[in-house]
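Participant: mind folding the following:
(one chain, ligands or ions: 1)
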Amino acid sequence: MAQLWGGRFTKETDKLVYAFNASISFDQKFYEQDIRGSLAHVAMLGRQGIITEEEMNAITEGLKGILADVKEGRLSITSEYEDIHSFVEAVLTERIGDAGKKLHTGRSRNDQVALDMKLFVRDEIDEIDGLLLELLRRLYTLMEEHTGTVMPGFTHLQKAQPVTLAHHVGAYFEMFRRDRDRMHDIRRRMNTCPLGAGALAGTTYPLDREYTAELLGFDGPTRNSMDSVSDRDYVIELLSALSTIMMHLSRFCEEIIIWNSNEYRFVEIDDAYSTGSSIMPQKKNPDIAELIRGKTGRVYGALTQMLSTMKGLPLAYNKDMQEDKELTFDAIDTVKGCLALFTGMISTMGFRKDVMKRSAAKGFTNATDAADYLVKNGVPFRDAHGIIGRLVLLCIEKDCSLDELPISEYQAICPVFKEDIYEAISMETCVETRNTIGAPGREAMQQVLAMCREYLQNN
Ligand code: ARG
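Facilitator: Coordinates of the predicted model:
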């Protein structure tokens with residue numbers, strides 16, 4: 001058992017207590033951020049004359065050596081230390097002697113861990129942002145390819161009006177674009193440096209907090225030392241944004257599962273992204289989409305857990321906050337994995353354009369357009385709605401679509417109908433004439449594609 005705080009104690013820590021309290025099994029994940037923070041702290045201590053230049057240089061070299069050795073597998077982080085902070089300090093002192101004992105001058109593990117967590121979260125935000133950007137690029141390509149791929153648009157999972165695959169995918173482009181915005185917002189709001197807050201009340205050493213903040217890429221130091229060591233808002237914000245990403249992925253996965261079903265057959269998931277059944281030889285299951293949908297609950301769980309952990313905490317630091325790590329690490333790893341797999345899955349997925357178009361044509365998705373045809377020929381909309389309703393009923397009886405119904409049947413119900421009704425309700429017309437901003441018509445879609453292209457070019 002290696003601890004930083006033995007002096008006041010007359011008894012050894014109980015073994016179970018030690019294990020219960022220790023965090024090295026998971027906080028070793030941010031050894032790199034911990035050492036990065038220490039390097040900045042030490043550079044500042046030296047610059048301020050709080051330690052000598054020789055001590056600063058010795059500590060700096062020592063820390064760099066530890067970083068390289070852990071990275072390259074020459075030094076392993078073992079559970080005999082309480083946490084990553086103790087490990088680094090102990091190895092440093094072992095390697096460079098007494099100077100190592102000065103590393104922690106003017107610092108507490110409370111501001112140290114607050115810094116490590118912020119550095120870690122900030123790095124991960126950048127990575128997730130990159131994965132979202134890759135997904136957006138892929139979605140954009142799909143949109144470009146499928147501006148003419150007609151499919152049914154749904155409400156209540158009932159066929160509603162025809163849209164295009166480009167338009168449908170475009171809805172997800174907007175969602176993941178907002179997810180990126182959220183990443184940027186969180187990063188901007190959290191980008192202040194807690195180092196120098198000490199245990200809770202700052203320190204009497206003449207620390208230059210602005211300098212360490214600058215060295216570590218922060219916009220400046222935090223403004224209140226008690227808040228600095230007890231703020232985990234940014235973790236909650238991140239978990240909330242990650243939950244929203246998962247919700248978006250899960251909705252898309254749900255659609256892919258439906259589209260991939262035997263009844264729909266809109267898509268064909270690539271063999272590399274499907275799995276079989278141990279008993280039913282005919283099966284090709286959309287397990288990856290299902291797993292992503294399933295893992296959404298796991299990320300929501302992390303958000304709920306973190307909110308619950310923080311809700312009753314008095315200022316300032318409390319050990320409860322150590323619980324932030326495992327769940328945040330898990331949520332981040334889950335989201336990164338799901339984003340990468342999802343991008344791979346849709347990049348290799350096949351779309352059956354003919355099936356999609358037939359499905360749109362079969363479900364009376366052009367009924368609104370048929371009513372609009374009458375309106376354009378002078379029939380009030382409410383009457384037109386009733387007339388088309390009767391025609392749909394007739395089609396259901398005859399098991400045909402509106403396009404297949406002979407003109408005589410149309411005219412028997414309403415003499416306003418002429419031969420040009422068929423042109424007016426063709427799938428192509430229904431889609432192509434919807435050109436209000438944000439609609440699926442080609443013209444409207446080209447405008448949106450140009451905006452998406454510009455967004456991707458500038459990011
Ligand atoms: N392992 C602790 C955490 O993750 C580090 C801070 C410890 N501070 C303390 N006063 N015990 O929060």
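Participant: close to the ligand: what parts of this protein are there?
Facilitator: 23, 27, 83, 109-110, 113, 317, 319, 321-322 (Cβ under 6 Å from any ligand atom). (Glycine included, C-beta is placed from N, CA and C.)
Participant: from these, which is closest to residue 132?
Facilitator: Distance to residue 132 across these (Cβ to Cβ) is lowest for residue 27, with 26.8 Å.
Participant: sorry, back to before: of all pairs in the residues of the chain next to the ligand, which one is the farthest apart?
Facilitator: Based on Cβ to Cβ, the longest span within those runs between 27 and 317 and measures 14.9 Å.
Participant: buried subset of the residues of the chain next to the ligand?
Facilitator: The neighbour count (16 or more other Cβ atoms under 10 Å) marks 23, 27, 83, 109-110, 113, 317, 321-322 as buried among those.
Participant: could you say what helices and strands the longest helix anywhere in the chain packs with?
Facilitator: As far as residue count goes, and with DSSP state H defining each element, the longest helix of the chain is helix 109-145. Contacts defined by 3 or more Cβ pairs under 8 Å, 6 or more residues apart in numbering; DSSP states H and E place helix 109-145 against helix 31-47, helix 84-96, helix 165-190, helix 225-230, helix 233-259, helix 324-348, helix 442-457.
Participant: and the angle from it to helix 442-457?
Facilitator: An angle of 140 degrees separates the directions of helix 109-145 and helix 442-457 when computed by axes from the mean of the first three to the mean of the last three Cα atoms, to 10 degrees.
Participant: returning to that earlier point: nearest to residue 265, of the residues of the chain next to the ligand?
Facilitator: Relative to residue 265, the closest of the residues of the chain next to the ligand is residue 27; by Cβ to Cβ it sits at 49.0 Å.
Participant: shaky segments in the stretch 1-150 of the chain?
Facilitator: Across the stretch 1-150 of the chain, the stretches falling below the confidence threshold (pLDDT under 70) are 1-2.
Participant: who's in contact with residue 143?
Facilitator: With Cβ atoms under 8 Å, 6 or more residues apart in numbering as the criterion, the residues that contact residue 143 are 166, 169-170, 173, 445, 449, 452.
Participant: go again using 7 Å as the cut-off
Facilitator: Contact partners of residue 143, counting by Cβ atoms under 7 Å, 6 or more residues apart in numbering, are 166, 169-170, 173, 449.
Participant: can you check residue 208 too?
Facilitator: The neighbours of residue 208, taking Cβ under 7 Å, 6+ apart as the test, are 44, 47-48.
Participant: from these, list just the buried residues.
Facilitator: For the contacts of residue 208, burial is judged from neighbour counts taken by 16+ other Cβ under 10 Å, and it is met by residue 44.
Participant: nearest to the ligand among the contacts of residue 208?
Facilitator: When these are ranked by distance to the ligand (Cβ to the nearest ligand atom), residue 44 comes first, at 20.5 Å.
Participant: the closest one reaches residue 211, doesn't it?
Facilitator: Yes - assessed by Cβ atoms under 7 Å, residue 44 is found in contact with residue 211 at 5.1 Å.
Participant: quickly note the distance from residue 432 to the ligand.
Facilitator: Computed as Cβ to the nearest ligand atom, to the nearest Å, the residue 432 to the ligand distance reads 59 Å.
Participant: burial of that residue, as a residue count?
Facilitator: Applying other Cβ atoms under 10 Å, we find 19 residues neighbouring residue 432.
Participant: likewise the one 4 residues further on?
Facilitator: Other residues lying near residue 436 total 8 when counted by other Cβ under 10 Å.
Participant: using the three-state scheme, assign it.
Facilitator: Classification of residue 436 into helix, strand or coil gives coil, according to DSSP: H, G, I helix; E, B strand; the rest coil.
Participant: the spatially closest residue to it that is not a sequence neighbour: what's it in contact with?
Facilitator: Distances taken as Cβ to Cβ, 6 or more residues apart in numbering place residue 444 nearest to residue 436, at 6.5 Å, with adjacent residues excluded. Under the criterion of Cβ under 7 Å, 6+ apart, the contact partners of residue 444 comprise 435-438.
Participant: of those, buried ones?
Facilitator: By neighbour count, with 16+ other Cβ under 10 Å, the contacts of residue 444 hold residue 435 as buried.
Participant: if I look at the residue nearest to residue 436, how far off is the ligand?
Facilitator: In this view, residue 444 and the ligand are 52 Å apart by Cβ to the nearest ligand atom.
Participant: ok, that residue to residue 163 distance?
Facilitator: 11 Å (Cβ to Cβ, to the nearest Å).
Participant: quick check, the residue in the stretch 351-459 of the chain closest to the ligand?
Facilitator: For the stretch 351-459 of the chain, the nearest residue to the ligand under the criterion Cβ to the nearest ligand atom is residue 459, separated by 34.3 Å.
Participant: assign residue 152 to helix, strand or coil.
Facilitator: strand.
Participant: counting neighbours, what do you get for the nearest residue to residue 404 once chain neighbours are set aside?
Facilitator: Distance criterion Cβ to Cβ, 6+ apart; nearest residue to residue 404, sequence neighbours excluded, is residue 395 at 7.7 Å. For residue 395, the number of neighbouring residues by other Cβ under 10 Å comes to 18.
Participant: who's in contact with the residue nearest the centre of the chain?
Facilitator: With distances taken as Cα atoms, centre = their mean, the residue of the chain nearest its centroid is residue 245 (3.8 Å). For residue 245, the contact set (Cβ under 7 Å, 6+ apart) comprises 179, 335.
Participant: any idea how far residue 367 is from it?
Facilitator: When distances are taken as Cβ to Cβ, residue 245 and residue 367 turn out to be 36 Å apart.
Participant: over to residue 328?
Facilitator: Taken as Cβ to Cβ, the spacing of residue 328 relative to residue 367 amounts to 50 Å.
Participant: equivalent analysis for residue 135, please.
Facilitator: Counting by Cβ to Cβ, the gap from residue 135 to residue 367 is 35 Å.
Participant: okay, these two: which has more neighbours?
Facilitator: residue 135 (24 against 21).
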